[in-house]
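K.L.:
this is a predicted model, with the sequence first.
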Amino acid sequence: MPFPELLIQGYRAFRSGRLAREQGRFRELAESGQSPDVMVIGCCDSRVSPEVIFDARPGELFVVRNVANIVPPYEPDGHAHGVSAALEFGVAALRVKHIVVLGHAHCGGVKAFADEAAPLSPGDFIGNWMRIMAPAAAKVGPRGGLSRTDYIMRLEQANVVNSLDNLMTFPRLRSLVEGGQIAIHGAYFGVATGDLLVRDETTGEFVPVAADERAPFLAR
Ligand SMILES: [Zn+2]
């Protein structure tokens, strides 16, 4: 099978558009190296690309994506840990100032966990992986009278908070957060609405960002 035509066409558009405009920036970044201030931990979901949502330019975001934007707890057990390696690089080498855990609506990983469905794939990686969010589900509690949509949304947001909690199990990161050198944030993207919610650290609520700018835009 040939290289996907979608990618060839996309690359052509990138070359004549963005690359043409930003060639200088790419060259500069190649020479000076990257120094992004913001690290984003997001989901693999093809609808929630952080660079698209935050309209980011090359060099601005250090991104790690995995199924359901999960941060596993600190486990220096000699096994390979992808998120932990990215965190170590982002924190110790790049010295990012912000870490954002970006959750989203309609998250397949969270849904699979909620349904206690058979793993999405024939192997058992996803089931095992999603178990990391068990403390989040325990905090949300049983579905009770909640609609399925509301219940899943709560799980998705609790899963973001669980990842924030797990970030604090990394000793070096924890001391940087406590010393005010790094801030960690939770955010949630509504795929259908395009709304971005950011977690208020004091209340724990997810609050819409720029909602006032969006309302007139939608009314147009
Ligand atoms: Zn997802």
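P.N.:
Sure thing, it's come through.

K.L.:
what's the helix or strand for the residue nearest to the spatial centre of the chain?
P.N.:
Nearest to the geometric centre of the chain sits Gly42, at 1.8 Å (CA atoms, centre = their mean). Secondary structure assignment for Gly42, by DSSP states H and E: strand 38-43.

K.L.:
what do you get for Ile99?
P.N.:
Using DSSP H and E, Ile99 sits in strand 98-104.

K.L.:
give me the angle between that strand and strand 38-43.
P.N.:
Here strand 98-104 runs at an angle of 20 degrees relative to strand 38-43 (axes from the mean of the first three to the mean of the last three CA atoms, to 10 degrees).

K.L.:
same for the following helix or strand past strand 98-104, what does it pack against?
P.N.:
Per DSSP H and E, the first helix or strand lying C-terminal to strand 98-104 is helix 108-115. Packing partners of helix 108-115 (3 or more CB pairs under 8 Å, 6 or more residues apart in numbering; DSSP states H and E): helix 125-130, helix 148-167. Placement of C-beta: from N, CA and C, glycine included.

K.L.:
the ion contacts on this protein?
P.N.:
By CB under 5 Å from the ion, the residues of the chain that approach the ion are Cys43, Asp45, Cys107.

K.L.:
if we use 6 Å, what do you get?
P.N.:
The chain comes close to the ion at residues Cys43, Asp45, Ala68, His104, Cys107, Gly108, Gly109, as judged by CB under 6 Å from the ion.

K.L.:
circling back: contacting residues around the strand holding Gly42?
P.N.:
For strand 38-43, contacts defined as CB atoms under 8 Å, 6 or more residues apart in numbering pick out 48-50, 54, 60-69, 71, 83, 86-87, 90-91, 94, 96-104, 107, 109, 163.

K.L.:
who does that strand pair up with?
P.N.:
strand 61-66 (parallel), strand 98-104 (parallel) (DSSP bridges).

K.L.:
of the residues of the chain next to the ion, buried ones?
P.N.:
Cys43, Asp45, Ala68, His104, Cys107, Gly109 (16 or more other CB atoms under 10 Å).

K.L.:
got the confidence number for the second one?
P.N.:
pLDDT, the model's per-residue confidence, is 98 for Asp45.

K.L.:
can you check the last one too?
P.N.:
At Gly109 the predicted local distance difference test score is 93.

K.L.:
what of the third one?
P.N.:
Confidence per residue is given as pLDDT, and for Ala68 that number is 98.

K.L.:
could you pull up phi and psi at it?
P.N.:
For Ala68, the backbone dihedrals (degrees, to the nearest 10) come out as phi 70, psi 30.

K.L.:
who's in contact with it?
P.N.:
Residues counted as contacts of Ala68 (CB under 8 Å, 6+ apart) are Cys43, Gly103, Cys107, Gly108, Gly109, Val110, Phe113, Trp129, Met130, Met133, Asn159.

K.L.:
now it: closest residue in space, sequence neighbours ignored.
P.N.:
Sequence neighbours aside, Gly109 is the residue nearest to Ala68 in space, at 3.2 Å (criterion: CB to CB, 6 or more residues apart in numbering).
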